[in-house]
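Trainee: sequence unknown, structure follows:
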Ligand code: ATP
């Protein structure tokens, strides 16, 4: 006897939906256990399978037929195993239930609003079309507006009789301002006119209400709207949000903006009157996998009319992606964290454009890095870990710094074991502060650390911008991307300059807000053990103390110029990197290490490079170069380190004083620190 205790509560379902569920139950047993949990997340079939009034009578979407008959069985199985039957993205569910439960009449959707969203009726559509489609099931009319297109032709609700006049038919104002008028109206007059049309539309009563969808709100209500007239939109929205007559009506206003930071502060501060819904980027592999499965199984799984890629394609994968379509798509979804669906589609379009091209690990890495750099406006550069690297070998390219490496390897071990253990996750440092002079390997070690942990490495560039609101928008975009890249090591170089001190800088208000935003993000418990921040600085005294507090950048790691053994090992690393063999006697080494005392890792790299170059330039072999005493002497006579030794020494002293864990210091560094702390 089958144990039915966890069975889904099917309730009353349309016939087609019952048949579909029965069929999938025969094939995969989806009514109970894990598969039921995955596909029927709240113990009930999702809204689209239930049909009913909110889904327009509940006919089977056309694709169901072909899904059952034609879809590649491996893809169908994947679909069910991954729980893709449960469809509505949570943000859409919030929008619908918020409206039905009269929580608000004005909704602001921010974040990943320019991406695709899945619709059981039409497959993947631009999110705004998905919102429109959904609204047409519930409202009499749906009206879209954007700065560039003005009002689009109203869409009739599914239950609206064919002979009902369009809401524009008996407006007192001409929505397009009349042909002649359009030509003479200034953009401001046009916008004022449009807002009046919106007001009039919302004031009228319709049985089922209208939905007004406003796209790209940030263009209509930008943060730097010094111009009083530009505030017309902000003012109108605030009025609608509070208006009792709006509440009594069935109307709904849906506003879309890439990020709330791109909006006027006035509007943001009024947000208690409307409902703000965050549209997240695809955070887990599942969202990407579902889209890929749909792309590759093409119209046979879901209709894909709303996207740029037309028709099903057959993917070509290198062997490392596994065998069989399901495994290959799983690997691809795994490797594309951070990309949204439009980004994934770009990737597939590019592959398709080149007959010779296949999905290779390298190709995906490169495409992902370019895509993310472009999406973040160049402020986030992402690289993937090298596959199959163990923590020890991840640090092979780092010479010296033994105690630092040892500590970081222990942290990466712990990270790997963290899994779902709350205790382990919470004992990981949330942020590491790398302090020391330039060229001592801070960036190099941060990269190696991400590799040791086997996670993405994201370098956050300068988020500050001279344009009002732009810095906040940049940061917000970057944080959204970071969230979708987890687990991830995020690196911020020169944090004293990018973050500075609160209240410092020319526009202290902006600095303070950026600062607060990062601190807030860092203290999100959901991200414990998922995002490890590493900040680097040469000037620790310029860093705001609030950043160094426990729970933020709470582990300080010192970077000082290498001692004798450190120099030897760094030189070896860089000679090996250039495939050069070392032919140095003990006396040559002694001379070399003595002459390079006080050099940074970067300077030692220069010396190694110069030595190899010397060998090459005397006409020796181009492969298997051997570096000997003569070439290092020639290299050193050609290279003179910059005369800022004293500065470097001071930066090291500042770093040593800041160090919190003395176990990362050598004996002599510990003594040096002791003297500095005691003011000797
Ligand atoms: P900055 O403060 O200027 O950003 P940094 O401390 O981050 O400097 P890196 O960019 O990591 O310095 O180092 C520059 C280059 O110097 C590295 O790419 C690497 O080639 C070399 N280097 C520095 N330290 C080491 C080291 N310990 N082992 C091997 N190479 C090193």
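Mentor: Structure's in. What do you need? Only a predicted model underlies this, so the values are computations on that prediction, with no experimental measurement involved.

Trainee: next helix or strand past the lowest-mean-pLDDT helix or strand in the chain?
Mentor: One helix or strand of the chain scores below all others by mean pLDDT, DSSP states H and E: helix 179-184, with a mean of 51. As assigned by DSSP states H and E, the chain's next helix or strand after helix 179-184 is helix 187-203.

Trainee: contacts for the helix or strand hosting residue 238 next, please.
Mentor: Using DSSP H and E, residue 238 sits within helix 231-242. By Cβ atoms under 8 Å, 6 or more residues apart in numbering, the surrounding residues in contact with helix 231-242 are 104-106, 191-192, 195, 198-199, 202, 217, 220-221, 225, 246, 253, 255, 264, 266-267, 270, 273-274. For the C-beta atoms, the positions are set from N, CA and C on the backbone; glycine is no exception.

Trainee: contacts made by stretch 351-365 with the rest, please.
Mentor: Against stretch 351-365 from outside (Cβ under 8 Å, 6+ apart): 309, 313, 315-318, 320-321, 328, 332, 335-336, 347, 350, 383-384, 387.

Trainee: for stretch 18-31, that is, sorry about that
Mentor: 7-8, 10, 13, 35-36, 39, 45, 49, 60, 64, 68, 77, 80-81, 85.

Trainee: got the buried residues for the helix holding residue 238?
Mentor: Across helix 231-242, burial judged by 16 or more other Cβ atoms under 10 Å covers 231-238, 240-241.

Trainee: just stretch 425-445 next, same as before
Mentor: Under the neighbour-count criterion of 16+ other Cβ under 10 Å, stretch 425-445 has 425, 428-445 buried.

Trainee: so which residue of the protein comes closest to the ligand?
Mentor: Nearest residue of the chain to the ligand (Cβ to the nearest ligand atom) works out as residue 601 at 2.1 Å.

Trainee: now stretch 124-138, how far from the chain's geometric center?
Mentor: Stretch 124-138 has its C-alpha centroid displaced from the chain centroid by 24 Å (Cα atoms, centre = their mean, to the nearest Å).

Trainee: residue 383 pairs with what?
Mentor: The partner list for residue 383 in beta bridges (DSSP bridges) reads residue 457.

Trainee: quick one: it and residue 370 touch, right?
Mentor: No: using Cβ atoms under 8 Å as the test, residue 383 is too far from residue 370 to be in contact (11.5 Å).

Trainee: do the helix or strand encompassing residue 412 and the ligand meet?
Mentor: If you go by DSSP H and E, residue 412 is part of helix 402-418. No: using Cβ under 6 Å from any ligand atom, helix 402-418 never reaches the ligand; the gap is at least 9.1 Å.

Trainee: please renumber the chain so that the first residue is 42 from this point on.
Mentor: Will do, 42 is the new start, and the previous item becomes helix 443-459.

Trainee: what's the burial count for residue 672?
Mentor: The tally of other residues near residue 672 (other Cβ atoms under 10 Å) stands at 25.

Trainee: doesn't it fall inside a helix?
Mentor: Yes: assessed by DSSP: H, G, I helix; E, B strand; the rest coil, residue 672 belongs to a helix.

Trainee: report the contact partners of it.
Mentor: 652-653, 655-656.

Trainee: do the same with residue 519
Mentor: Applying Cβ under 8 Å, 6+ apart to residue 519 gives the contacts 417, 420-421, 501, 504.

Trainee: which residue, other than its chain neighbours, is closest to it?
Mentor: Here the nearest residue to residue 519 in space, its sequence neighbours aside, is residue 421; by Cβ to Cβ, 6 or more residues apart in numbering that works out to 5.1 Å.

Trainee: ok, the residue most central in space within the chain to residue 563 distance?
Mentor: In the chain, the centroid-proximal residue (Cα atoms, centre = their mean) is residue 522; its distance is 1.5 Å. Using Cβ to Cβ, to the nearest Å, we find residue 522 at a distance of 16 Å from residue 563.

Trainee: kindly report the same for residue 180.
Mentor: Distance check for residue 180 against residue 563: by Cβ to Cβ, it reads 41 Å.

Trainee: what segments of the stretch 592-721 of the chain are strands?
Mentor: For the stretch 592-721 of the chain, the strands defined by DSSP state E, counting those that start in this stretch cover 594-599, 622-624, 667-669.

Trainee: OK, contacts around residue 607?
Mentor: So residue 607 contacts 440-442 (Cβ under 8 Å, 6+ apart).

Trainee: from the middle of its chain, how far away would stretch 191-204 be?
Mentor: 36 Å.

Trainee: got phi/psi on residue 666?
Mentor: With angles defined as degrees, to the nearest 10, residue 666 sits at phi -70, psi 140.

Trainee: wait, is residue 398 part of a helix?
Mentor: No: applying three-state DSSP, one finds residue 398 to be coil, outside a helix.

Trainee: coming back round to it: quick one: work out the angle between the helix holding residue 279 and helix 228-244.
Mentor: With axes from the mean of the first three to the mean of the last three Cα atoms, to 10 degrees applied, the angle from helix 272-283 to helix 228-244 works out at 10 degrees.

Trainee: helix or strand next in line after helix 272-283, which one?
Mentor: Next element after helix 272-283 (DSSP H and E): helix 285-289.

Trainee: for that following helix, the averaged confidence score.
Mentor: The average of the pLDDT scores along helix 285-289 is 84.

Trainee: which of the residues in it are buried?
Mentor: Neighbour-count burial for helix 285-289 flags residue 287 (criterion: 16+ other Cβ under 10 Å).

Trainee: contacts for it, please.
Mentor: Contact with helix 285-289 is made by 143, 146-147, 243-244, 281, as judged by Cβ under 8 Å, 6+ apart.

Trainee: how distant is that helix from the center of its chain?
Mentor: With Cα atoms, centre = their mean, you get 38 Å for helix 285-289.

Trainee: again with stretch 568-582
Mentor: Relative to its chain's centre, stretch 568-582 lies at 18 Å (Cα atoms, centre = their mean).

Trainee: quick one: end-to-end length of it, please.
Mentor: From its first residue to its last, stretch 568-582 covers 28 Å (Cα to Cα, to the nearest Å).

Trainee: flag every buried residue along it.
Mentor: 568-581.

Trainee: which of the contacts of helix 285-289 count as buried?
Mentor: Buried among the contacts of helix 285-289 by 16+ other Cβ under 10 Å: 146-147, 243, 281.

Trainee: farthest pair within these?
Mentor: 147 and 243 (10.1 Å; Cβ to Cβ).

Trainee: joint contacts of those two?
Mentor: 281, 287, 294.

Trainee: which residue ranges make up each domain of the protein?
Mentor: What automatic domain parsing lists as the domains of the chain is 42-103, 131-320, 423-599, 605-679.

Trainee: export the ones you listed as a markdown table, with columns for distance to residue 333.
Mentor: Formatted as a markdown table, those follow (distance: least, Cβ to Cβ, whole Å):
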| stretch | distance to residue 333 |
| --- | --- |
| domain 42-103 | 18 |
| domain 131-320 | 11 |
| domain 423-599 | 16 |
| domain 605-679 | 37 |
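
Trainee: thanks a lot, catch you later.
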